[in-house]
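Peer 1: Below are the sequence and a predicted model; questions follow.
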Amino acid sequence: MKTAYELAMERLKKQDEEAGIESKPLTDAQKTQIAEIRNFYEAKLAEAQVMHHSKIVSVFDPAERETLDKEYRRERERLNDERDRKVAKVREA
C-alpha cells in the first residue's frame, strides 16, 4: 500500500511527463557545486546578520533603526536571490 506522499509524487511525475518536462538526476559534481554555493551564501548571510546586530546595538533612534533593518532585509534578499540564481544555473548545466 502506498502512502499519500507517494501517490502525490506519482501524480506530479505524470503531470510533468504530459507537459513535456523532463527531470534529470543531478550528477555528483553538480551536487558538490550546489553544496558549495549554499555553504558560501550561508556564511555570507551569517556575516550580514552579525554586522546588522553590531550596528543595531549602538543605534537608539527608531527611524535610524528602521533604516538599518530595511538595508539588512534588502541585503538578505539580494544574497538569497543570488544564491538561487547560481543554484539554478548549476542545475541547468
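Peer 2: That came through fine.
Peer 1: any idea how far the helix or strand bottoming out on mean pLDDT in the chain is from the chain center?
Peer 2: One helix or strand of the chain scores below all others by mean pLDDT, DSSP states H and E: helix 4-19, with a mean of 89. Relative to the chain's own centre, helix 4-19 is displaced by 24 Å; criterion: Cα atoms, centre = their mean, to the nearest Å.
Peer 1: And it, what does it pack against?
Peer 2: Helices and strands touching helix 4-19, as assessed by 3 or more Cβ pairs under 8 Å, 6 or more residues apart in numbering; DSSP states H and E, are absent. All C-beta atoms are positioned from the backbone trio N, CA, C, and that covers glycine.
Peer 1: now the helix or strand just after it: mean pLDDT?
Peer 2: Using DSSP states H and E, the helix or strand that directly follows helix 4-19 along the chain is helix 28-57. Mean per-residue pLDDT for helix 28-57: 97.
Peer 1: other SSEs contacting helix 28-57?
Peer 2: helix 62-92.
Peer 1: Quote the end-to-end distance of stretch 19-29.
Peer 2: With Cα to Cα, to the nearest Å applied, stretch 19-29 spans 28 Å between its terminal residues.
Peer 1: Centre of the chain to it, how far?
Peer 2: In terms of Cα atoms, centre = their mean, the centre of stretch 19-29 is set 19 Å apart from its chain centre.
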